[in-house]
Every structure is written in C-alpha cells, then in structure tokens.
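Asker: just coords:
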C-alpha cells in the first residue's frame, strides 16, 4: 500500500495514491449541460504547499493490517491501518460521511485489537445442505431444528481464542470463521445419537466430518475493533505548541 504523509506540526495526514493527479471534470451551467471543464489536480503538491515549512514524515502501512467496519464493497465506512514512521506505531483512521466526499484521515497514537464478541452457527446454510445430503429421504423439520439447537448449545461453550481460524472468504473483515475443535465435535456427535436413528446418524456423522473443516459447520465469529490509544509524548506537545505560537505571531501585522 502507498505510504501516508504525516505533518507532525499540524497532526494532519495525507494518503499518496496513483490518482492524485487525475483531473476532475466540472459540468457547465444549466443552459449548456453537455459542456464540461477539465480541472487539473495535484493533491500531493497541494498538501505539501499547505504544510510548507512544517515537519513532515512518511508513514509506512504494516502489511495485512487493514481492518474496516463494513463490507469491503461499501464505500462509506470507517477503515483502519496500522502504520509506523520507523520509531513509533500508529493507527490511521479513514472515514467519510458520503460517497461524494474524499476520505478524511486521522492519526491515532497507539494500536487496535480485534475482539470476538459472538460465535454463531450458519443456520440457513446448514439447513440447505442437509436437504441436499439427505436427498430423497429428507429429515423432518423437527430433527433439523433439534440439530440446530444442539449446535447452538455446543457453540455457547466455545471461545474464539481457543479455536483454529479458517481462511474462509468473507465480504466483511470483522466476520471471521473458525473450526470447531475435536473435543466439541466428538461431544456433538455423541449427542446426535439421541436425535437420529442409525441410518440418519451415519449421514450426519459424514456431514459433520466433511463440513466442519471448510463448509457450513464453520462458526461465524462477529468481531469489534477496540482502540488502545497512548498519550502523545510530552516533548512533541511542547514542540507543536511552540510551532503553533510562532505561526500565530508570524501572522500579526
């Protein structure tokens, strides 16, 4: 990912991208709506000009550190990246209120962690797959419901931190999938013997072993982002205060 530029003096952040010099097009007035005016852009140079004489530094984004609060395809969401200037670690927060607005960035001193707040089963997907597995001899709705209740009961006793994470594709970075461990899988199958007859249990056993690795029996973990901010270094606060005061005095006639 392209680096960010951080103005230490103003604590402003700018993201360098390949599109910084892409021109914009402004459409004409109502009497000539088909005419457009091309406006040349150079966002990098504009930022550098606005912060001329300030202390600037480059922030490199840590690989694999992106995290967002919504669907990857959703343009209006809050995004986070971990970055470093070589000495300190930061979190860069990007957000906007409307798709018409450019992303605005905020530098946060500290780090973030992603915490699982709930584990849930894939009820609809499980039901659909059971219908396929049993084919011409479908399970009764009562037994499907009993299996779903049993899966929910087993899941309530699990913690994501003790489970193996599975690289299952998801459109939401806060939606992570986990595999049920061997102990709870064995417990699940033991309980299933009380629900299904011998023929049904053989199918269920194969169903469980086949789909817990990378299928509908994966547990969907819902996560949230927790920020861990640290106080700004005292000397930087003093330096920023002095710089701001010099700037104020320079503006006086």
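Answerer: Sure thing, it's come through. These numbers come from a predicted model, not from an experiment.

Asker: list the contacts for residue 201?
Answerer: By CB atoms under 8 Å, 6 or more residues apart in numbering, the contact set of residue 201 is 192, 193. No exception for glycine: its C-beta is placed from N, CA and C like everyone else's.

Asker: you'd agree it is in a helix?
Answerer: Yes: under DSSP: H, G, I helix; E, B strand; the rest coil, residue 201 sits within a helix.

Asker: and it, what pLDDT?
Answerer: We have a pLDDT of 97 for residue 201.

Asker: and for residue 45?
Answerer: Looking at residue 45, its pLDDT stands at 88.

Asker: residue 61 too?
Answerer: Looking at residue 61, its pLDDT reads 95.

Asker: for the stretch 1-150 of the chain, which segments count as helices?
Answerer: Ranges of helices within the stretch 1-150 of the chain are 43-50, 123-134, 141-156, based on DSSP state H, counting those that start in this stretch.

Asker: would you mind saying which of those lies nearest residue 211?
Answerer: Shortest distance between residue 211 and the helices of the stretch 1-150 of the chain, using CB to CB, is found for helix 123-134: 6.7 Å.

Asker: can you list the low-confidence ranges for the stretch 51-200 of the chain?
Answerer: Under the criterion pLDDT under 70, no range of the stretch 51-200 of the chain is flagged.

Asker: can you pull out the strands in it?
Answerer: Counting by DSSP state E, counting those that start in this stretch, one finds strands in the stretch 51-200 of the chain at the ranges 56-61, 67-68, 79-84, 89-95, 104-120, 164-166, 175-179.

Asker: dump those into TSV; add mean neighbour count as well.
Answerer: Formatted as TSV, the strands of the stretch 51-200 of the chain follow (neighbours: other CB atoms under 10 Å):
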stretch	mean neighbour count
strand 56-61	16
strand 67-68	18
strand 79-84	19
strand 89-95	19
strand 104-120	15
strand 164-166	12
strand 175-179	19
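
Asker: work out the gap between stretch 204-223 and the centre of the chain.
Answerer: Remark: stretch 204-223 is offset 23 Å from the chain centroid, using CA atoms, centre = their mean, to the nearest Å.

Asker: next one: stretch 189-197
Answerer: Remark: stretch 189-197 is offset 38 Å from the chain centroid, using CA atoms, centre = their mean.

Asker: which residues does that stretch contact?
Answerer: With CB under 8 Å, 6+ apart as the test, stretch 189-197 has contacts from 143, 146, 147, 150, 154, 201, 204, 205, 208.

Asker: so the last one versus residue 178, what's the distance?
Answerer: Same thing as residue 208. To residue 178, residue 208 is 15 Å away according to CB to CB, to the nearest Å.
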